[in-house]
Structures are given as structure tokens and as C-alpha cells.
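Everything below, folded, please.
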Amino acid sequence: MKKTIALVVVASSLWLAGGCATHPAQAYKQTYSSFDLPSDHPPETLMAGGTMNFQGVSLDTVLIIYQQLSGRTVIRASLPDAKITLRTQSPLSRVQALQLFDTVLAQNGIAMVLCGDNAVKAVPANQAVSESPPEIALPWERLPVSSSCMMRTVQLKNLQAVYAIPLLAPLSKLPNSMIAIQDHNLLILRDYSANIRQELQLLEKLELNSGHSPPPVVKKVK
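Below is the predicted model of the structure:
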């Protein structure tokens with residue numbers, strides 16, 4: 001187990017060192033997150049499948065690895081004493097590995113909330129929305145299918161925001177994850193990326209359908 005953990009830490013160091021040394025001219029992000037795009041960082045060698053093989057690893061160890069992968073300081077709240085089990089099957093980039101960690105940690109009641117460019121908070125999942133998750137403006141198709149905490153403000157045109165909440169509620173995961181600002185017809189979504197991705201996709205369809213007038217009723221002439 002210690003050998004597996006050491007391999008992950010070494011791999012994350014090689015990712016960062018290799019990228020910076022190979023592409024010094026372009027300005028890339030210095031830290032990593034689950035929402036980063038391929039263009040945000042230099043090309044990297046993927047971590048081989050099976051490199052991460054955790055069987056009941058302590059949360060402390062997993063958060064140390066998360067810190068190494070992201071290059072961010074992990075700010076830890078009071079957390080449950082979770083034991084993490086995970087084995088990767090396919091090759092992963094650093095960003096994909098962080099998405100996987102976000103999802104596994106969420107399954108154990110822990111949410112990772114980005115805090116600026118240099119830190120990430122590890123908090124109980126039921127407190128995630130009160131930690132002001134970052135607003136991510138990516139189109140829903142580009143949002144990661146992972147339990148990565150985010151926020152999105154949606155300006156609705158045809159559908160009333162207050163009526164949208166009960167329609168989206170079955171897709172939400174975190175408590176109190178939706179707020180409607182009726183005066184401006186705004187909808188604020190705070191949840192995991194995978195859930196907001198589905199909510200945005202549904203809103204797109206509802207907006208389109210709400211903008212169409214119903215067909216006229218044709219009365220039969222007797």
C-alpha cells in the first residue's frame with residue numbers, strides 16, 4: 001500500500017515538473033482543478049491504469065495525495081473518519097484523477113470546494129453550498145461528470161425561475177442547492193458538477209419548449 005501511495009505522489013511531481021520544463025514560453029495555470037481544460041496545462045503523460053490502488057486508505061493520506069495532484073493547499077474542516085477504497089482501471093490525466101477523487105470523497109460524505117487559485121477546502125458534503133463554491137461558466141457539455149462542487153447562475157428567458165425549481169429538484173444532490181431570484185428571473189444552482197450538468201441540459205430543453213406558443217385549438221364545425 002505504501003508503495004502505491006508513493007507512486008502516485010511521484011507521478012504527480014513528474015507531471016508538474018515535466019510540463020513546466022517542456023513548455024516554458026506559454027502561460028499555463030500553476031495549479032490544477034477538476035474544471036481545468038486541456039489547454040490550461042502543458043501536455044502530460046497519463047497515469048497508467050491501476051497506479052492508484054487504495055484499500056481502506058486513511059482520509060489523511062488521500063488528502064495529502066489530493067494536495068500533490070492539485071498543487072493546492074488543502075484546508076481541512078472537521079471531517080468523518082473515512083477509509084477510502086479505490087482502484088483506477090484506465091489511464092488518467094491529472095485533472096481526471098482529481099475528478100475521480102472528488103467523486104470518491106463525495107461518496108464518503110466529503111466535498112472538495114475550490115478556494116481561489118491556490119487552495120481547496122475539504123468539508124462535510126452537507127456544508128458544501130455554504131462554502132461559496134466557484135462559479136463555473138463552461139457549457140453544460142464540457143462540465144465534468146464528477147462530484148466536483150460548483151455554482152452556476154442561469155438567466156432564464158421563457159421559463160419562470162420559481163417554477164423551475166420543482167422540475168429540477170429530482171436531479172439535485174446537495175441540500176438547499178437551488179435559489180430562485182424572482183424579480184430578475186435568475187436561478188442559482190449550487191451542487192456537484194454532474195448534477196448541474198443534467199440540470200442545465202434540462203433547462204435548455206424547457207426554455208426552448210416554453211418559448212413556443214401552443215398550437216391553436218381548431219373547433220369542429222357541426
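
Ramachandran coordinates for the residue sitting nearest the centre point of the chain?
The centroid of the chain falls nearest to S148 when counting by C-alpha atoms, centre = their mean (2.3 Å). Phi and psi for S148, reported as degrees, to the nearest 10, are phi -100, psi 120.

Hmm, M112 and it touching each other?
Yes. Between S148 and M112 there is a contact at 7.1 Å, judged by C-beta atoms under 8 Å. C-betas here are computed from N, CA, C, even on glycine.

shared neighbours of the two, anything?
S34, D102 (C-beta atoms under 8 Å, 6 or more residues apart in numbering).

tell me the strands in this protein, going along the chain?
Remark: strands assigned in the chain by DSSP state E are 53-58, 73-76, 83-87, 110-115, 119-124, 149-155, 178-181, 186-192.

Of those, which is nearest L203?
Counting by C-beta to C-beta, L203 lies closest to strand 149-155 out of the strands of the chain; the figure is 6.2 Å.

mind checking how far that closest one is from the chain centre?
12 Å (C-alpha atoms, centre = their mean, to the nearest Å).

Could you do stretch 77-85 as well?
Distance, centroid of stretch 77-85 to centroid of chain: 19 Å (C-alpha atoms, centre = their mean).

Can you mark which positions in stretch 64-77 are buried?
Across stretch 64-77, burial judged by 16 or more other C-beta atoms under 10 Å covers I65, Y66, Q67, Q68, L69, S70, G71, R72, V74.
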